[in-house]
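Colleague: Here you go, sequence then predicted model.
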Amino acid sequence: MTRCLLVDDDEAIRTLLVGYLAQHGLQAEALADGAALRRHLPGATVDVLVLDLMLPDDNGLALCQWAKQQRPALPVIMLTAQGDPLSRVLGLEMGADDYIAKPFEPRELVARIRATLRRGRAVAAAVPATELRFEGWTFDRVRRQLRAADGTLVALSTAEYRLLAAFVDHAGQVLSRERLLELTRLPGGDATDRSIDLAVSRLRSKLGGSNKAIRTLRGEGYLFDLKVMR
């Protein structure tokens with residue numbers, strides 16, 4: 001049975017969703033705030049996290065990023081009353097796999113959970129269980145982990161992971177922003193050229209801050225200029 005962890009400060013919503021998910025074969029546990037999530041998640045068995053953006057004691061975006069650092073492969077669905085594109089983009093860039101704007105129908109959440117889990121299984125099945133190496137870095141696509149030469153684990157948001165995967169798959173090729181949007185777009189995402197530039201900047205910083213790995217070609221796009229060993 002799929003195990004869902006729900007974090008929302010509204011008790012009525014927690015009660016409603018736990019009961020509704022159970023009726024549809026999903027085992028659900030609910031928490032009221034960010035502190036409870038930080039205590040509970042490290043030792044919990046969870047298949048998907050449903051996280052409210054607006055919590056009384058913590059920032060939902062920061063919690064999403066923290067959860068992804070704890071469990072890189074854990075799908076996160078954000079619940080938000082903020083329906084503007086910027087909030088959605090920020091959520092996806094912080095590591096969320098999907099989002100639902102409040103108010104929503106509980107059956108939509110069930111559908112989103114199942115779709116997110118299907119995508120995760122499809123990616124795991126399609127990606128060979130191998131590590132890729134370049135310039136001392138090790139990129140494990142299955143575990144969604146980036147490791148430095150000294151063994152330090154570098155956390156990647158969902159946007160950064162998808163961007164790095166696109167670059168290593170097309171190493172030595174110039175990729176325009178439009179092509180990168182195609183390769184990294186998530187369902188429901190409203191990514192823009194600007195969001196690509198920001199993700200490249202963050203990824204470049206995590207790769208040591210040098211422009212050597214990801215070169216900017218004015219008027220053309222970006223080039224991952226490192227040899228990838230499979």
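Modeller: Received, thanks.
Colleague: from here on, contacts and neighbour counts on C-alpha atoms
Modeller: Fine.
Colleague: how near is Arg71 to Ser195?
Modeller: The gap separating Arg71 from Ser195 is 24 Å, by CA to CA, to the nearest Å.
Colleague: what's the distance between the nearest residue to Lys227 once chain neighbours are set aside and Asp197?
Modeller: Excluding the flanking residues, the one nearest Lys227 by CA to CA, 6 or more residues apart in numbering is Phe134, at 5.9 Å. According to CA to CA, Phe134 stands 22 Å off from Asp197.
Colleague: hang on, the earlier thing: identify the residues contacting the residue nearest to Lys227.
Modeller: 226-229 (CA atoms under 8 Å, 6 or more residues apart in numbering).
Colleague: Export those as CSV, with columns for pLDDT and secondary structure.
Modeller: Below are the contacts of Phe134 laid out as CSV (pLDDT from 0 to 100; DSSP: H, G, I helix; E, B strand; the rest coil):
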residue, pLDDT, secondary structure
Leu226, 88, coil
Lys227, 87, coil
Val228, 87, coil
Met229, 84, strand
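Colleague: Can I get those residues in TSV including distance to Thr184?
Modeller: TSV is the format used below for those (distance: CA to CA, whole Å):
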residue	distance to Thr184
Leu226	20
Lys227	21
Val228	19
Met229	22
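Colleague: Name only those of these that count as buried.
Modeller: 226, 228 (16 or more other CA atoms under 10 Å).
Colleague: Between all of the contacts of Phe134, which two are separated the most?
Modeller: With CA to CA as the measure, no two of the contacts of Phe134 lie farther apart than Leu226 and Met229, at 9.5 Å.
Colleague: Return the alpha-carbon coordinates of the helix or strand hosting Thr116 using PDB.
Modeller: Assigned by DSSP states H and E, Thr116 belongs to helix 106-126. Extracted as PDB, the C-alpha positions of helix 106-126 are listed here (Å, rounded to 0.1, in the frame of the first residue of the first chain):
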ATOM      1  CA  PRO A 106      -9.600  15.400  -3.000                       C
ATOM      2  CA  ARG A 107      -9.900  13.100  -6.000                       C
ATOM      3  CA  GLU A 108      -7.500  15.400  -7.800                       C
ATOM      4  CA  LEU A 109      -4.900  14.800  -5.100                       C
ATOM      5  CA  VAL A 110      -5.400  11.100  -5.500                       C
ATOM      6  CA  ALA A 111      -4.800  11.400  -9.200                       C
ATOM      7  CA  ARG A 112      -1.800  13.600  -8.700                       C
ATOM      8  CA  ILE A 113      -0.300  11.200  -6.200                       C
ATOM      9  CA  ARG A 114      -0.700   8.200  -8.500                       C
ATOM     10  CA  ALA A 115       0.600  10.200 -11.500                       C
ATOM     11  CA  THR A 116       3.700  11.300  -9.600                       C
ATOM     12  CA  LEU A 117       4.500   7.800  -8.500                       C
ATOM     13  CA  ARG A 118       4.000   6.400 -12.000                       C
ATOM     14  CA  ARG A 119       6.500   9.000 -13.300                       C
ATOM     15  CA  GLY A 120       9.000   8.100 -10.600                       C
ATOM     16  CA  ARG A 121       8.700   4.400 -11.500                       C
ATOM     17  CA  ALA A 122       9.000   5.100 -15.200                       C
ATOM     18  CA  VAL A 123      12.200   7.200 -14.600                       C
ATOM     19  CA  ALA A 124      13.700   4.500 -12.400                       C
ATOM     20  CA  ALA A 125      13.000   1.800 -14.900                       C
ATOM     21  CA  ALA A 126      14.300   3.800 -17.900                       C
END
